[in-house]
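*Asks:* below are the sequence and a predicted model for it; my questions follow.
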Amino acid sequence: MNLFTRVENAFAILLTRGEYRQAELYERDGFFYAAHGRGFVRLCGNRMTTVPAVRWDDIVGVEFDERWNGVGRV
């Protein structure tokens, strides 16, 4: 059983300490997550994530609604 579902053709650009990295996008319970290290970070509003040192710069392939803190549609 997979709790995180890969969103096909969707990616996020993550920014960590000045380094940009393209990450695959996943969905769980209506929220978007990006692959990070050996786990995931949830993408939140205002380009923040659940990891304070990691921000997201761009999301492509899905609609992301910041008013709902990341709840989106594929």
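*Replies:* Ah, there it is. Residues are numbered from 1 along each chain as shown.

*Asks:* so what strands line up beside the longest strand belonging to the chain?
*Replies:* As assigned by DSSP state E, the longest strand anywhere in the chain is strand 5-16. Taking DSSP bridges as the criterion, strand 5-16 forms sheet pairs with strand 19-28 (antiparallel), strand 54-60 (antiparallel).

*Asks:* just how off-centre is stretch 27-46 within its chain?
*Replies:* 4 Å (CA atoms, centre = their mean, to the nearest Å).

*Asks:* low pLDDT regions in the chain?
*Replies:* 1, 67-74 (pLDDT under 70).

*Asks:* switch the cut-off to 80
*Replies:* 1-2, 65-74 (pLDDT under 80).

*Asks:* who's in contact with the residue lying closest to Leu25 once chain neighbours are set aside?
*Replies:* Excluding the flanking residues, the one nearest Leu25 by CB to CB, 6 or more residues apart in numbering is Ala10, at 4.0 Å. All C-beta atoms are positioned from the backbone trio N, CA, C, and that covers glycine. Taking CB atoms under 8 Å, 6 or more residues apart in numbering, we find Ala10 in contact with Glu24, Leu25, Ile59, Val60, Gly61, Val62, Val74.

*Asks:* drop anything exposed from the residues you listed.
*Replies:* Leu25, Ile59, Val62 (16 or more other CB atoms under 10 Å).

*Asks:* quick one: the nearest residue to the last one once chain neighbours are set aside from Ala53, how far?
*Replies:* Once its chain neighbours are removed from consideration, Val62 has its nearest residue in Ala10; the separation is 4.7 Å (CB to CB, 6+ apart). From Ala10 over to Ala53 the distance is 23 Å, taken as CB to CB, to the nearest Å.

*Asks:* what's the local residue count around the residue nearest to Val60 when sequence neighbours are not counted?
*Replies:* Nearest-residue entry for Val60: Phe11, 5.5 Å, with adjacent residues in sequence omitted and distances by CB to CB, 6+ apart. If you count neighbours by other CB atoms under 10 Å, Phe11 ends up with 17.
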